[in-house]
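Student: Predicted coordinates and the sequence they were generated for:
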Amino acid sequence: MIGSTLDRQRRAALVKLLAARDAAAGGNPAGVGIPVQPRDGRTFPCTPAQRRIWLAEQSGNPVPNATFGLRLRGPLRIDALRAALDAVVSRHEAMRTVYEEVDGQPRQRVLPSAGVPLDVTDATTDPQALTGERFDLATGPLARLTVLRAAEDDHVLLFAGHHIAFDERSIEIVMQDLAAHYARAHAGEDARGQTGAAAPAVQYADYAVWAEGRPRRTPRVQPFTDLDLPFRAGPPGDRTVSVRTTLAPGTIDRLRTAGGGRQTPFVVLLSVLASVLRQYTRHDDITVGTVSSGRERTDLAPVVGCFLNPVALRTDLTGADDLGEVMRRVGRTVAAAFAHEVPFEDLVAAVNPVRRPGVHPLFQVALHLHAHRATLGDWPGLTAEVWHHEPGGHGLDLIVEAVPRPDGGADLTFRHPVGALEPGAAELLAAAFAEVAAIRRVYSKLRYVGSAT
C-alpha cells in the first residue's frame, strides 16, 4: 500500500513537472494544449522545416527520404500487414497529406483517405533504389512499404517516406503502430478496431498552425568557417557508404571523468569528433551540425510529422590543449545553442552564406545521437531485428551516428555520400575517433599529412 501511494505521488509530481515544462516550451499556460483545427477541407500552413524541404524539392536538390528496415523471421501474413498499414495511415494524417503551391508557398491539405503502397518483391532488389524513390508532393502518396522476401519465413520490411512528412521518431511511431495493428489483424480482429490506443488528438496540421503563431526572434551570428576537410574529393553522389566501429565498454564514463564528470554522452562524443576534425583541418573554429527533436511538448510525442530542426554547434578550440578543456568548451556551446534555439531557416537567413547547390549552407559534418535503440514492437509468430541499409545521399561530407550502449560504450557509424570523400577517409576518421576516445593522444598537437588512402 505504501509503495502504491508513493507511485501515485511520483506520477502526480511527474505530471506537474511535464506540464510546467510544456508551458515553458510552448508559451501556453499549464494544461492548455495545442488547439485542434477544423477539418473542413481547408489547407494548412507548412512549418519552416517543411518549407525548407519543399523549396529544396523545387530546386532539384531533394532531401533524402526517411527510411527504416526491419527483418522478420517466421511466417509473415501479407494480408494482415496490408490491413495494418491501412489502419496506420488512417491513424496519422501526415501519411495522407499532400502539398499544394499557393502564391509561391506550400500549403498542406489533409486527405480524408489515402493508401500507402505495399509491394512484395524478392531480396535481390537494390535497397538504395527503393529508399531513394522520389515522391510527388502534390499528389502523394509520400511513403511506400516494401517487403523483400528472402524465403517463406524470412522477410525484410523496408519503409521509405518523404522527409516533409516523416522524421526519425515518426518512422519509429509508424513501425510500432504497424506491429500493434498487425497483431490485431493476425488475431482475426479489425486492425482499425477500438481495442488499441486512440489516434493522437493533435495531428501535425494542428501543430503547424500553432507553430506559425509563435513569436520568432532574429539571431545575431558571425559567418561560419568552412571546415575544408583535406580529403574532400568532389560533389556528393546519390548513394552513401558507411564504416561502423565501436567504443569499448566504459569509454564514455572514462571520458566524462576526464571532462569533470558532468558532461552528457552527446557532449563527450561531440568533443571527440571536434578534436579529430581539428587535427585534420588545422582549424580551431569547429562547427558540427546536429538536430533537435522538436518534440518538447508531451502532446507531440505520438504525432507523425517533420519536427527535426538542424542546429549548428560552433566551438572555438583555440588554446585547448587537452580533451578535458575541449569538453568544457563544447559543453558550453551545446547548452547555449539549445537554450537559444531558433528555426534553422532563420539562422541561415541571418548568416546569409554563399549558397552552393547540394551543399549544406552552415556545416559539412554532423553528429546524430540516437539516445535509445528503436522499439520494434511485438510481431506475433515472428522475431524482429533492425535491418541495416544505406540511406540516400545527403548534402554533407560526413554524418556520424552514435548509439550509446548500457555498458558505457557506443556503436558508431561514419557515413558519407559516394564521391564526397577520398577512398579510405571514413576508415581513417573512424580509427582516429576511437584513438581519441581511448585518450591515447592529445589531438590538438597532431596534424594531417598526405592522402586518406
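Tutor: Okay, I see it. Please read these numbers as outputs of a predicted model, since none were measured by experiment.

Student: pull the CA atoms of the host helix or strand of residue 57 into CSV?
Tutor: According to DSSP states H and E, residue 57 maps onto helix 48-58. Provided in CSV are the C-alpha atoms of helix 48-58 (Å, rounded to 0.1, in the frame of the first residue of the first chain):
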residue,chain,number,x,y,z
PRO,A,48,9.6,26.3,-41.5
ALA,A,49,11.2,22.8,-41.8
GLN,A,50,8.6,21.8,-44.3
ARG,A,51,9.1,24.9,-46.4
ARG,A,52,12.8,24.3,-46.5
ILE,A,53,12.3,20.7,-47.7
TRP,A,54,9.7,21.8,-50.2
LEU,A,55,12.0,24.5,-51.6
ALA,A,56,14.8,22.0,-51.9
GLU,A,57,12.5,19.7,-53.9
GLN,A,58,11.5,22.6,-56.2
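
Student: pLDDT of it, averaged?
Tutor: Mean pLDDT, computed over helix 48-58, is 91.

Student: Residue 175 - that's part of a helix, no?
Tutor: Yes - according to DSSP: H, G, I helix; E, B strand; the rest coil, residue 175 belongs to a helix.

Student: Name the nearest residue to it, ignoring sequence neighbours.
Tutor: residue 68 (5.9 Å; C-beta to C-beta, 6 or more residues apart in numbering). In this view, the C-beta of every residue, glycine as well, is placed from N, C-alpha and C.

Student: and if you look at residue 239?
Tutor: residue 418 (4.8 Å).

Student: now could you export just the CA positions of stretch 301-320 as PDB?
Tutor: Extracted in PDB, the C-alpha atoms of stretch 301-320 (Å, rounded to 0.1, in the frame of the first residue of the first chain):
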ATOM      1  CA  ALA A 301       5.100  12.700 -28.600                       C
ATOM      2  CA  PRO A 302       2.800  10.400 -30.600                       C
ATOM      3  CA  VAL A 303       2.500  12.600 -33.600                       C
ATOM      4  CA  VAL A 304       3.900  11.700 -37.000                       C
ATOM      5  CA  GLY A 305       5.400  14.700 -38.900                       C
ATOM      6  CA  CYS A 306       8.600  16.600 -39.500                       C
ATOM      7  CA  PHE A 307       9.700  18.200 -36.200                       C
ATOM      8  CA  LEU A 308      13.500  18.000 -36.600                       C
ATOM      9  CA  ASN A 309      15.400  21.300 -36.500                       C
ATOM     10  CA  PRO A 310      19.100  21.400 -37.600                       C
ATOM     11  CA  VAL A 311      21.400  23.000 -35.100                       C
ATOM     12  CA  ALA A 312      24.900  24.400 -35.800                       C
ATOM     13  CA  LEU A 313      27.300  23.900 -32.900                       C
ATOM     14  CA  ARG A 314      30.300  26.200 -33.200                       C
ATOM     15  CA  THR A 315      33.100  26.000 -30.800                       C
ATOM     16  CA  ASP A 316      36.400  27.900 -30.600                       C
ATOM     17  CA  LEU A 317      39.100  25.500 -29.500                       C
ATOM     18  CA  THR A 318      42.000  28.000 -29.600                       C
ATOM     19  CA  GLY A 319      44.500  27.000 -26.900                       C
ATOM     20  CA  ALA A 320      42.600  23.900 -25.700                       C
END
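
Student: quick check, distance from that stretch to the centre of its chain.
Tutor: 11 Å (C-alpha atoms, centre = their mean, to the nearest Å).

Student: Flag every buried residue along that stretch.
Tutor: 302-315, 317, 320 (16 or more other C-beta atoms under 10 Å).

Student: helix/strand/coil for residue 148?
Tutor: strand.

Student: actually residue 429, not the one I wrote
Tutor: Residue 429 is classified as helix under three-state DSSP.

Student: Residue 213 versus the residue positioned nearest the centre of the chain, what's the distance?
Tutor: By C-alpha atoms, centre = their mean, the chain has its centre lying nearest to residue 168, at 4.1 Å. Here residue 168 is placed at a distance of 26 Å from residue 213 (C-beta to C-beta, to the nearest Å).

Student: Report the contact partners of residue 429.
Tutor: 276, 280, 398, 414 (C-beta atoms under 8 Å, 6 or more residues apart in numbering).

Student: Going by distance to residue 286, which of those wins?
Tutor: residue 276 (9.8 Å; C-beta to C-beta).

Student: downstream neighbour of the one helix or strand that closest one maps to in the secondary structure list?
Tutor: Residue 276 is part of helix 265-281 when elements are defined by DSSP H and E. Using DSSP H and E, the helix or strand that follows helix 265-281 towards the C-terminus is strand 285-292.

Student: Name the strands paired with the next helix or strand after that next one and say parallel or antiparallel.
Tutor: Following strand 285-292 in sequence order, the next helix or strand is strand 309-316 (DSSP H and E). Paired neighbours of strand 309-316 in the sheet (DSSP bridges): strand 285-292 (antiparallel).

Student: before we move on, back to that, show me what contacts the residue nearest to the centre of the chain?
Tutor: 66, 308, 370.

Student: does residue 98 have beta-bridge partners, and which?
Tutor: residue 109.

Student: now the one 4 residues further on
Tutor: In this structure, residue 102 has beta-bridge partners residue 105, where bridges are defined by DSSP bridges.

Student: and what of residue 119?
Tutor: Beta-bridge partners, per DSSP bridges, of residue 119: residue 146.

Student: quick one: it and residue 158, what's the gap?
Tutor: 9 Å.

Student: Which residues are in contact with each of those two?
Tutor: Between them, residue 119 and residue 158 share the contacting residues 145, 146, 147, judged by C-beta under 8 Å, 6+ apart.

Student: ok, the residue lying closest to residue 51 once chain neighbours are set aside to residue 326 distance?
Tutor: Excluding its sequence neighbours, the residue lying closest to residue 51 (C-beta to C-beta, 6+ apart) is residue 106, at 6.1 Å. Noted for residue 106: a distance of 41 Å to residue 326, by C-beta to C-beta.

Student: re earlier: so who does the residue nearest to residue 239 touch?
Tutor: 236, 237, 238, 239, 240, 241, 393.

Student: Dump these to TSV, plus neighbour count, secondary structure and pLDDT.
Tutor: What follows is the contacts of residue 418, written out as TSV (neighbours: other C-beta atoms under 10 Å; DSSP: H, G, I helix; E, B strand; the rest coil; pLDDT from 0 to 100):
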residue	neighbour count	secondary structure	pLDDT
236	22	coil	71
237	15	coil	71
238	14	coil	71
239	17	strand	76
240	21	strand	80
241	16	strand	84
393	22	coil	57
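
Student: What is the nearest of these to residue 264?
Tutor: Nearest member of the contacts of residue 418 to residue 264, counting by C-beta to C-beta, is residue 240, at 27.4 Å.

Student: I figured residue 122 was touching residue 151, is that so?
Tutor: No - counting by C-beta atoms under 8 Å, residue 122 does not reach residue 151; the two are 10.2 Å apart.
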